[in-house]
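> Generate coordinates for the sequence data below:
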Amino acid sequence: MSLFAVFDIAGSALSAQSLRLNVTASNMANANSVSSSSGETYRARHPIFSTVMDGFAFEEGPGRGVQVDGIIESMTPLRRDYKPGHPLADEDGYIFLPNVNIIEEMANMISASRSYQTNVEVMDAAKQMLQRTLALGQR
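As a prediction, the model looks like this:
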């Protein structure tokens with residue numbers, strides 16, 4: 001693998017972690033939104049990643065990066081709170097809240113930001129190695 005491939009791999013990881021951070025921010029922003037029915041309620045979303053393989057999918061070879069396969073909605077049940085005086089309460093007095101777990105989202109955000117930072121450091125190390133390799137010819 002050449003050092004130039006490191007930039008492609010780390011770049012795809014940066015893109016994936018950036019998307020993960022955006023999805024997590026969206027989940028956290030909608031954590032306290034209220035609705036009157038389960039069909040209208042925001043559901044937590046999570047990105048799905050897969051490895052981009054070098055060559056055919058059935059071969060065991062080195063990975064060539066990461067790709068986003070999609071964003072799925074969490075199947076965790078929505079929260080229901082009994083608040084009969086709330087303007088959005090249904091006929092039984094319940095309001096529906098998203099299935100967003102703030103603690104889990106904070107952990108996702110920390111993990112994604114650290115992964116992002118690590119990939120930036122990988123790219124920086126590859127850049128320094130290329131610069132030092134080019135400097136060898138100057139002596």
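
> and the longest helix along the chain, which residues are buried?
The helix that spans the most residues within the chain, counting by DSSP state H, is helix 102-136. Burial within helix 102-136, assessed by neighbour count using 16 or more other Cβ atoms under 10 Å, is assigned to Glu105, Asn108, Met109, Ala112, Ser115, Tyr116, Asn119, Val122, Met123, Ala126. C-beta: built from backbone N, CA, C; applies to glycine.

> And that helix, what does it pack against?
Using 3 or more Cβ pairs under 8 Å, 6 or more residues apart in numbering; DSSP states H and E, the elements in contact with helix 102-136 are helix 3-29.

> just how off-centre is the helix or strand just after the helix it packs on within its chain?
Downstream of helix 3-29, the first helix or strand assigned by DSSP states H and E is strand 45-53. Computed by Cα atoms, centre = their mean, to the nearest Å, the chain-centroid distance of strand 45-53 equals 9 Å.

> hang on, Met129 packs against Leu3?
Yes. Counting by Cβ atoms under 8 Å, Met129 does reach Leu3; the two are 6.0 Å apart.

> So in this protein, which strand runs the longest?
Using DSSP state E to define each element, the chain has its longest strand at strand 63-73.

> Parallel or antiparallel, list what pairs with the next helix or strand after that strand.
Where DSSP H and E defines the elements, the next helix or strand beyond strand 63-73 is strand 79-82. Applying DSSP bridges, strand 79-82 is found paired with strand 94-97 (antiparallel).

> average pLDDT for the partner strand?
Strand 94-97 comes out with an average pLDDT of 93.

> Need the contact partners of it.
For strand 94-97, the external contacting residues (Cβ atoms under 8 Å, 6 or more residues apart in numbering) are 32-38, 40-41, 78-83, 86, 88-89.
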